[in-house]
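Visitor: Take this sequence and fold it.
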Amino acid sequence: MPPRRSTPSWAADSEVTTSPRGRVLAAVVAAPDRVVLLFFWTCLLVSPVVLVGAFRPAVVVPALVAVLVATWRLAPRPVAATRTSALGAVAALAVAAAWLAANAPYASEYVVVARDPGFLTLEGVWLSQHPAPDIPLGRAADLIAAVPAVGTETEAYVRSGDVMHAQGAKLVPALLGLAGWVGGTGAILAANLVVGAVALLAVYGLARRLLAAPWALVPMVALGLTLPMMAFSRAAYSEPTALALVLGGLTMAWSAFETRVWWRHLLAGALVGAGALARIDGAGPAIGLVTAYGVVAAATVGAERRHQARTALSAAAAGTWATVALGYVDLRWHSPGYLRDHSAELHLLILALVAVTLLAALAASPWWPAAPTRRLLRRRHTWAVGVAAAAVTACALLASRPLWLVSRGIDPEHPATAFVARLQEAGGLPVDPTRSYDEMTVTWLSWYLGWIAVAAAAAGLGWAAYRAVRRRDPRLLVVLAVVAAPSALYLWRASITPDQVWAMRRFLPVTIPGVLVLAGVALQALWRSGERGARPVAALAGVLVAIWPLATWTPVLGVVEQGGRLEEARTVCAAVGQGPVLYVHDGADQDFFATIRVLCGVETARVVGPVTPDLLRQVHEVWGDADVVTFEEEDVPWTGGTDPDPLLASDVTWWRGSLTGVPPGGAGGVSKVWVGRLAADGTVTPLPPASASPGPAAPGR
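Guide: Residues are numbered from 1 along each chain as shown. Model prediction:
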């Protein structure tokens, strides 16, 4: 149906009922959207606070209360408060709460830097105790200057002067830091599950605008049951945050076009652009948003309506650019090395956003020719059929690529080649380390969502594209453009190490929820078609889409990522005392350096072993008494010349990777750590094995 017109006033903008029962009903119906907005305002507040180094409870808490009070009325147009919509909202809240409770016991213990969740978790611990994300080197700077073999830089941490910067944007660590204020390290480890629950509500908030009850619950339930959603919420990944913000932005944009209220367009742009506060590729959905607004402006005729389109575009673009710019200022100030390493990709995204913004401005300008636009609009049916056919054809082309393409997109010099080769050998595949498996992206989606959902989504895409063009529906156009922009990019080339479930990071923020919502659109259309037998088929397909992810579950779901690491870290922290600490690193993928610096709160330097007594004598000359930590006993010259027993031997668990399907299950091993005191002669006196767990320790003491 075409967008509804309403007077842009506060009174006309809210469907208020005066009876107590009506107010309660309206509050229940609005609750999913309110939760997402609370999350957005929290993100929008903490990002600049961290940026300027003022991340303290005394600053954040009162400011957040003030912001929430001031912005309470800035919400999407409420869904009609009926018994059905209230039951749907209650069901959505219950699903989100149950999902959170079911996954909480399996929250990861990613307190070692192996992949992104390691440094994001540790940065969250750091921010729970410090107002700024920069980590001072302290006495480590003196040691680095005196002993060139010693350093502090790792793949995830880059030195800048006398501080270290962890890679990436600071929003997710700041959200973890908020949890740390409330519940310490345990709350930090589980905090991203709360974000995941918010993301599920954001999916429901959009789905109930496109779908009637109970269809709106299908995408939410299916997403909650998928392995990627659980994997990337149990650990500190940035994808659930981006998902919640972008989908919340689409809901706001939908409402903005219904009500024609300018500030809703502004908030829609700010929400979609806020993905850049969490991820360096956050401008991708923003490109789709501005493009859609430009197309709406180009297809609008009449002076008054073009003025409305120009106002909507200006507001949406302003909101988008504000949050995107804030995200990249954050990277420039607090992660310049990471920004520099990804500058080529970032520049392309920014140039694309600049280009579509300028083109959209041109389309909305008074100089845009009206006569050709009217001629094109008279042939809307033809254009609608062509756009829908092109969309479905593109889906078929992407899905067919395994039949005719082998992608080799990994740079032969990249460290990922060795990892891919190991996985190929373990899986009995031909060793081809540059294979990126990009041709499998649609197949990857089918592994987790099922081919029914993927096929239904392609049909839903065609149907929605036809309706968006034929009926000139800007709401559908914005949804399709925002989903399509990053999806087309990553479905063509994922640009990520192709092991599962890791590679699905590219698709969780937008593509996976987009596929599920579009599948619901197709099935609802089939239900309403009136064709004989359509309703039973649609109902059965809807149930299968919702529960199909259950068929992909493997024993991996019961495995805690990096389980055992927290006790290991606490034991080391209790042993090293007040430091400083020299971490002798074996050059493996996992790095304990930041764990010691952040969790133990002691000044730390690292060196790749094995180390000689001469090097350790130089360390002692600069530092005096110090501790040495290593996971390879042969890399350290122990006093007496014999390898000692470890301080602690821990059973550590993790998810196994796969190139040929969903993760098959968990894996585990024994992690042994040694701690000793550095002597003046360059030998290390080992500490005896720990007799018992030291218990919880305050992070960053």
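
Visitor: could you give the mean pLDDT of the lengthiest helix in the chain?
Guide: Longest helix of the chain, by residue count under DSSP state H: helix 171-210. Per-residue pLDDT over helix 171-210 has a mean of 97.

Visitor: next one: stretch 247-260
Guide: 97.

Visitor: now do stretch 420-439
Guide: Here the average pLDDT along stretch 420-439 is 94.

Visitor: For that stretch, report the contacting residues that lie outside it.
Guide: 401-402, 405-412, 417-418, 492-494, 497-499, 503, 657-660 (C-beta atoms under 8 Å, 6 or more residues apart in numbering). From N, CA and C alone the C-beta is placed, and that goes for glycine too.

Visitor: Quickly list the domain ranges of the chain.
Guide: 134-169+559-686, 380-553 (automatic domain parsing).

Visitor: nearest to Leu44, of the ones you listed?
Guide: For Leu44, the closest of the domains of the chain is domain 134-169+559-686, at 13.5 Å, according to C-beta to C-beta.

Visitor: Distance of Ala146 relative to Ala140?
Guide: For Ala146, the distance to Ala140 (C-beta to C-beta, to the nearest Å) stands at 11 Å.

Visitor: Tell me if I'm right that Gly542 and Ala525 touch.
Guide: No. Using C-beta atoms under 8 Å, Gly542 makes no contact with Ala525, being 11.8 Å away.

Visitor: Those two: which is more packed in?
Guide: Gly542 (23 against 17; other C-beta atoms under 10 Å).

Visitor: any idea of the pLDDT on that one?
Guide: Gly542 is given a pLDDT of 96.

Visitor: what's near enough to touch it?
Guide: Neighbours of Gly542 in contact, by C-beta under 8 Å, 6+ apart: 215, 218, 520, 523.

Visitor: can you do 7 Å?
Guide: 215, 218, 523 (C-beta atoms under 7 Å, 6 or more residues apart in numbering).

Visitor: coming back round to it: in terms of secondary structure, what does the longest helix of the chain contact?
Guide: helix 20-51, helix 83-103, helix 116-127, helix 217-225, helix 227-234, helix 239-259, helix 511-528 (3 or more C-beta pairs under 7 Å, 6 or more residues apart in numbering; DSSP states H and E).

Visitor: average pLDDT across the first one?
Guide: Spelled out, it's helix 20-51. 94.

Visitor: circling back to that earlier point, cross the contacts of stretch 420-439 against helices and list the overlap.
Guide: 417-418, 492.

Visitor: which one of those residues is nearest Met440?
Guide: Nearest to Met440 among the ones in helices among the contacts of stretch 420-439, with distances taken as C-beta to C-beta, is Trp492, at 12.0 Å.

Visitor: residues near the closest one, how many?
Guide: Neighbours of Trp492 (other C-beta under 10 Å): 16.

Visitor: I'd like the helices and strands packed on helix 171-210 as JSON lines, with distance to Tyr338 appended.
Guide: Below are those laid out as JSON lines (distance: least, C-beta to C-beta, whole Å):
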{"stretch": "helix 20-51", "distance to Tyr338": "15"}
{"stretch": "helix 83-103", "distance to Tyr338": "29"}
{"stretch": "helix 116-127", "distance to Tyr338": "10"}
{"stretch": "helix 217-225", "distance to Tyr338": "29"}
{"stretch": "helix 227-234", "distance to Tyr338": "20"}
{"stretch": "helix 239-259", "distance to Tyr338": "17"}
{"stretch": "helix 511-528", "distance to Tyr338": "24"}
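
Visitor: Now do the residue nearest to Ser658 when sequence neighbours are not counted: how many residues are near it, please.
Guide: Nearest residue to Ser658 in three dimensions, chain neighbours excluded: Gln500, at 4.9 Å (C-beta to C-beta, 6 or more residues apart in numbering). Other residues near Gln500 number 24, with proximity taken as other C-beta under 10 Å.

Visitor: Show me where the stretch 351-500 of the chain has its helices.
Guide: 370-377, 380-400, 416-426, 441-449, 451-470, 474-492 (DSSP state H, counting those that start in this stretch).

Visitor: wait, which of these is closest to Arg532?
Guide: helix 451-470 (18.7 Å).

Visitor: counting contacts, what elements does that closest one pack onto?
Guide: Helix 451-470 packs on helix 380-400, helix 441-449, helix 474-492, helix 511-528, helix 534-547, going by 3+ C-beta pairs under 7 Å, 6+ apart.

Visitor: quick check: mean pLDDT across the first one?
Guide: To tie it back to what came earlier, the one meant is helix 380-400. For helix 380-400, the mean confidence score works out to 96.

Visitor: Distance-wise, check Pro536 relative to Ile452.
Guide: Pro536 is 15 Å from Ile452, by C-beta to C-beta.

Visitor: These two: which has the busier surroundings?
Guide: Taking neighbours as other C-beta under 10 Å, Pro536 and Ile452 compare with Ile452 leading, 17 against 10.

Visitor: centroid residue for this structure?
Guide: Nearest to the geometric centre of the chain sits Glu239, at 1.2 Å (C-alpha atoms, centre = their mean).

Visitor: That residue reaches Leu508, doesn't it?
Guide: Yes. Glu239 lies in contact with Leu508 (C-beta atoms under 7 Å); the separation is 4.2 Å.

Visitor: who touches both of those two?
Guide: Phe232.

Visitor: so where's the chain uncertain?
Guide: For the chain, applying pLDDT under 70 flags the ranges 1-18, 588-590, 691-701.

Visitor: Give me the residues contacting the top strand by length along it.
Guide: Counting by DSSP state E, the longest strand found in the chain is strand 666-678. With contact meaning C-beta under 7 Å, 6+ apart, strand 666-678 is reached by 555-556, 559, 564, 568, 572, 575-576, 582, 616, 619-620, 626-631, 633, 636, 638, 644, 646-656, 684-687.

Visitor: Grab the CA positions of that strand and hand them over as PDB.
Guide: Backbone C-alpha positions of strand 666-678 (Å, rounded to 0.1, in the frame of the first residue of the first chain) are rendered in PDB as follows:
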ATOM      1  CA  GLY A 666      34.400 -28.800  19.300                       C
ATOM      2  CA  ALA A 667      38.100 -29.500  19.900                       C
ATOM      3  CA  GLY A 668      40.300 -29.200  22.900                       C
ATOM      4  CA  GLY A 669      43.800 -29.500  24.200                       C
ATOM      5  CA  VAL A 670      46.000 -28.900  27.200                       C
ATOM      6  CA  SER A 671      47.500 -25.500  27.600                       C
ATOM      7  CA  LYS A 672      50.600 -25.300  29.800                       C
ATOM      8  CA  VAL A 673      52.000 -22.100  31.200                       C
ATOM      9  CA  TRP A 674      55.200 -21.400  33.100                       C
ATOM     10  CA  VAL A 675      56.000 -18.400  35.300                       C
ATOM     11  CA  GLY A 676      59.300 -17.600  36.800                       C
ATOM     12  CA  ARG A 677      61.400 -14.900  38.500                       C
ATOM     13  CA  LEU A 678      64.200 -13.300  36.400                       C
END
